[in-house]
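Novice: kindly return the folded structure for what I paste below:
(chains A and B)
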Amino acid sequence: MAFSVNTNVTAMAALRTLSLTQNSLNTVQRQIETGLKVAEAKDDPSTFTIAQGMRGDVGSLKAIQEGLSFGQATVNMANAGALQISEVLIDLNKKVTQAFNDGLDVTILQEEADALVEQITSIVNTSIFNGVNLIDGSGTDLEVLSALGGVTQTVAAQDATVASLGLSNFDLSGQAATLTLDNTFSVSEDDTITLTLASGDVHIFEITEDGNPLTSSVDEANGIYVHAVTVDTATQSNNQMVGIMANVMRQEGFAVTIEEDGVVEIAHGETVTVATTLTGATAGVIAGDPISVLDNAETLVGQIMTTLGTAANRLDTQSEFTQLLVDKLQEGLGILVDANLAEASAELQALQTKEQLGIQSLSIANARPQSILSLFQ
Amino acid sequence: MSVAAYQKANQSTESPKQTEYRAFAIFTRALEKAEAEGPVAVVKAVADNRQLWLTLQVDLASEENKLPLELRAQLISLAIWVNKYSIPAMKGEAELAPLISVNKQIMEGLKPQNKPSGEMSEQPAT
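Specialist: Next comes the predicted model:
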């Protein structure tokens, strides 16, 4: 059912009367009156507050609409980038799988892989809207102005760079590392697993009980990164803790496979070696596994897309309230506005508007004609 | 040249209607090219176009706008439609063609009378 939400004073009054006798219509009536789907604060406290604020101050509506519009564009831009990256990864995965199956020349394949990895970098760099890049790992969260009083929504910055996906120096003939866990295996505070990449980057994964400070020294400028593996040795089993450790490593772009015989394989786009202070864990080397590295990268990009998609939906929901503007128009104007044009009627409306604009000497934004100039930047 | 000076120079050489035509021309062109250029270009083009319409909408809704009531209402209705349609369009879930066609109609209406359209300035903004 299509409702046209106009500022119709008579209709609103009629609706008000109706609500006295028909309780069940209450919600619908309020939706029509306010253009909101939220009737009461308990339905959705955050959106209700926003709606309330909007009713109070139309002047700020433009800022909010712009804030949301900017936020949506930035998030969708990042999401579009992530989607393209995931397509490149799928492409790359197919090529590598096929080449390995057919026993093709790795040298030629390596060139193709390099080109595809470079493509990912260029996608990351171009997924930028008005100077904001949400997937380049720069780490600055996006604050979207979404309601009055400076209320913002935060969209967490993501990292889809080849480094974080484990694809820097992607080497099809690289080697992977193994940790063989024996019966004496145990985990204690401050134990470390140090993964060193062929490029020289060092990732230290440090075991820590919740709340304890990390003891390894970080030096990101020189490629030494420290990551916390937060466990609870008192309650968690070895299996659980190894699982947690694997997940932290995966987030950093390492493909981790835990075999049933207690061997943990750790692969990366480039050759990786491992050293550890864990009791009962022996470091080793194994042939690299580019496919699992690509699978892990795909999973990471998938997570980024989920996060951004959720953020986009949240902003979309808020932007539905922008039609509230109609409620605040002068009465004469509001009655004529149709806030629910369908695609076909929009094109028809545009056609009719063209005729009328043609005979007008005034510009559209004639109250503030300079406002259009500000768009040319 | 400062932005203010640039704007001043601009205003002395073209009418507000011409400026609007130019804005529509630039943003519509971007929309037309966007689908071929990929999702990143789509987001940018749709967002810019949405911003154009939002700017118009705010002016149209103000009491100082001198256009006839009915025309203002029609344009506001279109602005609301553009705003809503932009959400799926930005995500590649809706085609850009309807946005382009609506813009083109408006451009037709903005074209100055008694002047060949070839005289319109269409250099991209820098």
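Novice: going forward, measure contacts between C-alpha atoms and count neighbours the same way
Specialist: Noted.
Novice: low pLDDT regions in chain A?
Specialist: For chain A, the stretches with pLDDT under 70 are A:1-60, A:148-149, A:321-328, A:330.
Novice: need the longest strand for it.
Specialist: strand A:175-186 (DSSP state E).
Novice: what's the next helix or strand after it packed up against?
Specialist: Next helix or strand after strand A:175-186 toward the C-terminus (DSSP states H and E): strand A:192-197. Applying 3 or more CA pairs under 8 Å, 6 or more residues apart in numbering or on different chains; DSSP states H and E, we find strand A:192-197 packed against strand A:202-209, strand A:272-276.
Novice: partner strands of the next helix or strand after the last one, parallel or antiparallel?
Specialist: What it means is strand A:272-276. Note on strand A:272-276: by DSSP H and E, the next helix or strand toward the C-terminus is strand A:279-287. Applying DSSP bridges, strand A:279-287 is found paired with strand A:175-186 (antiparallel).
Novice: run through who's touching the partner strand.
Specialist: For strand A:175-186, the surrounding residues in contact (CA atoms under 8 Å, 6 or more residues apart in numbering or on different chains) are A:238, A:262-268, A:270-274, A:278-289.
Novice: let's see it at 6 Å
Specialist: A:262-267, A:271-274, A:279-288 (CA atoms under 6 Å, 6 or more residues apart in numbering or on different chains).
Novice: which among the residues you listed count as buried?
Specialist: Among those, those classed as buried by neighbour count (16 or more other CA atoms under 10 Å in any protein chain shown) are A:263-267, A:271-274, A:281-286, A:288.
Novice: which one of these is nearest to A:L83?
Specialist: If you rank the buried ones among the contacts of strand A:175-186 by distance to A:L83 using CA to CA, A:A267 comes first, at 24.1 Å.
Novice: just the strands in chain B please.
Specialist: Using DSSP E, strands in chain B do not occur.
Novice: and the gap between whichever residue of the stretch 201-350 of chain A sits closest to chain B and A:S217?
Specialist: Taking CA to the nearest CA as the measure, the point where the stretch 201-350 of chain A comes nearest chain B is A:V337, at 4.7 Å. To A:S217, A:V337 is 63 Å away according to CA to CA, to the nearest Å.
Novice: and these two? which has more neighbours close in?
Specialist: Set A:V337 next to A:S217 and count neighbours by other CA atoms under 10 Å in any protein chain shown: A:V337 wins out with 26 against 10.
Novice: residues contacting stretch A:153-166, please?
Specialist: Outside stretch A:153-166, the residues touching it (CA under 6 Å, 6+ apart) are A:134-137, A:139-144, A:168, A:252-254, A:268-269, A:297.
Novice: quote the end-to-end distance of that stretch.
Specialist: Span of stretch A:153-166 from end to end, CA to CA: 30 Å.
Novice: over to stretch A:353-366?
Specialist: Note: stretch A:353-366 ends 16 Å apart using CA to CA.
Novice: same check on stretch B:89-100?
Specialist: 12 Å.
Novice: how about it: buried residues?
Specialist: Result for stretch B:89-100 [16+ other CA under 10 Å]: buried residues B:A89, B:M90, B:K91, B:G92, B:L96, B:P98, B:L99, B:I100.
Novice: now pLDDT too, for the residues you listed, in CSV please.
Specialist: Formatted as CSV, the buried residues of stretch B:89-100 follow (pLDDT from 0 to 100):
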residue, pLDDT
B:A89, 95
B:M90, 92
B:K91, 89
B:G92, 89
B:L96, 96
B:P98, 96
B:L99, 97
B:I100, 97
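Novice: these: which two are farthest apart?
Specialist: So, the buried residues of stretch B:89-100 by CA to CA: farthest apart are B:K91 and B:I100, at 16.4 Å.
Novice: what parts of chain A come near chain B?
Specialist: Counting by CA under 6 Å from any CA of the partner chain, chain A comes close to chain B at A:73, A:77, A:80, A:333, A:336-339, A:347, A:350-351, A:354, A:357-358, A:363, A:365-367, A:369, A:376.
Novice: which of the residues you listed fall within helices?
Specialist: The helices, defined by DSSP state H, take in A:A73, A:M77, A:A80, A:L333, A:L336, A:E347, A:A350, A:L351, A:K354, A:L357, A:G358 from these.
Novice: now do the most centrally placed residue in chain B, the pLDDT please.
Specialist: The centroid of chain B falls nearest to B:F24 when counting by CA atoms, centre = their mean (3.3 Å). pLDDT recorded at B:F24 is 96.
Novice: now do the helices in chain B.
Specialist: B:3-13, B:16-37, B:39-61, B:69-90, B:97-110.
Novice: could you dump those helices to a markdown table with distance to chain A?
Specialist: A markdown table is the format used below for the helices of chain B (distance: least, CA to the nearest CA, whole Å):
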| stretch | distance to chain A |
| --- | --- |
| helix B:3-13 | 7 |
| helix B:16-37 | 5 |
| helix B:39-61 | 5 |
| helix B:69-90 | 5 |
| helix B:97-110 | 4 |
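Novice: weakest of these by average pLDDT?
Specialist: Among these, helix B:3-13 carries the lowest mean pLDDT (a mean of 59).
Novice: helix or strand: which one has the residue sitting nearest the centre point of chain A?
Specialist: Central residue of chain A (CA atoms, centre = their mean): A:L308, 2.3 Å from the mean position. Counting by DSSP H and E, the element that carries A:L308 is helix A:290-319.
Novice: immediately after the helix or strand in which A:T107 is found, which helix or strand?
Specialist: Element membership of A:T107 [criterion: DSSP H and E] is helix A:106-126. Downstream of helix A:106-126, the next assigned helix or strand under DSSP H and E is strand A:128-129.
Novice: partners of that next one, with directions?
Specialist: Pairing partners of strand A:128-129, with direction, according to DSSP bridges: strand A:132-133 (antiparallel).
Novice: report the distance from the strand it pairs with to the chain centre.
Specialist: 12 Å (CA atoms, centre = their mean, to the nearest Å).
Novice: count of residues packed around residue 67?
Specialist: Went with chain A since none was named. Neighbours of A:G67 (other CA under 10 Å): 20.
Novice: that's the wrong chain, I meant chain B
Specialist: 19.
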